[in-house]
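Peer 1: Predicted coordinates and the sequence they were generated for:
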Amino acid sequence: MIVVGVVFQSGGKVEALDPNGHELAWNDRVICETPRGEEYGRVVQPAHELEGKAPERVFRVLRKGTAEDDTLRREQRERAAEVRRVFRREVVKRHRGIKVHGAEMPFDGRRVVIGYTSEERVDLRPIAQDVGRQLNVRIEARQVGPRDGARVTGGYGLCGDVLCCTRFPAHETRITLRMAKDQDLPVNPGRVTGLCGRLRCCLAFEHPVYKSFRDRAPAVGRTVETPEGRGVVRGINVPSDSVIVRFDDERELPIRLDDVREVAR
């Protein structure tokens, strides 16, 4: 089955949809049917064969987005931002320790969904109803996890770049401390924890590269044959796909992994 990958929020999950006969390219804006009704999305994966078992129902791309759709979407985002400001002001008055994150108006314009985080379970429906009556809009308040809160809020990570969770589609890989160890990172909160207080998303993004390298590379201390002669592996350099080899004449050179062959002592 041929599908395209579409995201409906920045950093959101990639949904596999039936292109429905439309010629779609990366970054095309599209109007799609979803369990939530019609949604405005962006193509992040061009047409490809669906891998694995097909779901019971694959939703369709209804049409390509138009300039009018883009204008409407901007207006909806401005309206959602206005609702969020008023909602947050009321939350600050009545509660402590609650962080209000982004607000999103679905493409049908029937409601505004606001996400918030709290260390305790808190029901903000009364505030949502009060603000909704004030602004003449239906508000749906959802308590979300720290990762979702960071993704919606955005910001800059320890690397100095924009947060991975806001730039890239969400991955389904569970992030574990083992990933940090496989990448030789110091296992301390300052290095492996993101702004959300959870393990950093980039650990999962980069882990397959490190795992592939370690599956192919000889361990440090092993004797290897190289174009420069026989030596001992003293270190690794994953980004350059090479190992540091020390030779009998005390030289230490980076050697490409494809040019290294482990030998018996």
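Peer 2: Perfect, I can see it now.

Peer 1: So Val224 is in contact with Ser242, correct?
Peer 2: No - Val224 is beyond contact range of Ser242, at 11.8 Å (criterion: CB atoms under 8 Å). Just so you know, the C-beta spots here come from the backbone N, C-alpha and C atoms, and that holds for glycine as well.

Peer 1: shared neighbours, the two?
Peer 2: Ile255 (CB atoms under 8 Å, 6 or more residues apart in numbering).

Peer 1: Name the residues that touch stretch 231-238?
Peer 2: 183, 209-210, 213, 217-224, 242-248, 252, 254, 260.

Peer 1: give me that answer again for 10 Å
Peer 2: By CB atoms under 10 Å, 6 or more residues apart in numbering, the residues outside stretch 231-238 that reach it are 183-184, 206, 209-210, 212-214, 217-226, 242-249, 251-257, 260, 262, 265.

Peer 1: Just the buried residues of the residues you listed.
Peer 2: 183, 206, 210, 213, 217-218, 224, 226, 242-245, 255, 257, 260 (16 or more other CB atoms under 10 Å).

Peer 1: Among the contacts of stretch 231-238, which ones are in helices?
Peer 2: Glu206, Val209, Tyr210, Ser212, Phe213, Arg214 (DSSP state H).

Peer 1: And the residues you listed, which two are furthest apart?
Peer 2: The most widely separated members of these, counting by CB to CB, are Glu206 and Arg214 (12.7 Å).

Peer 1: and for the two, which residues touch both?
Peer 2: What both Glu206 and Arg214 touch, as defined by CB under 10 Å, 6+ apart, is the set Asp182, Gln183, Val238.

Peer 1: ok, these vs Gln134, which is closest?
Peer 2: Looking across the shared contacts of Glu206 and Arg214 and measuring by CB to CB, the closest to Gln134 is Gln183, at 49.9 Å.

Peer 1: quick one: contacts for the closest one?
Peer 2: Val192, Cys202, Leu203, Glu206, His207, Val209, Tyr210, Lys211, Phe213, Arg214, Val238.

Peer 1: With distance to Arg125 added, can I get those in TSV?
Peer 2: Listed next are the contacts of Gln183 as TSV, based on distance: CB to CB, whole Å:
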residue	distance to Arg125
Val192	36
Cys202	36
Leu203	36
Glu206	41
His207	40
Val209	45
Tyr210	45
Lys211	45
Phe213	50
Arg214	50
Val238	49
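
Peer 1: out of those residues, what pair is the most spread apart?
Peer 2: Longest span within these, CB to CB: Val192 and Phe213, 19.3 Å.

Peer 1: tell me which residues in the helix or strand Val152 falls within are buried?
Peer 2: Here Val152 sits within helix 146-153, counting by DSSP states H and E. Across helix 146-153, burial judged by 16+ other CB under 10 Å covers Arg147, Asp148, Gly149, Ala150, Arg151, Val152, Thr153.

Peer 1: so what does it touch, helix or strand wise?
Peer 2: Helices and strands touching helix 146-153, by 3 or more CB pairs under 10 Å, 6 or more residues apart in numbering; DSSP states H and E, are strand 99-104, strand 112-117, helix 164-167.
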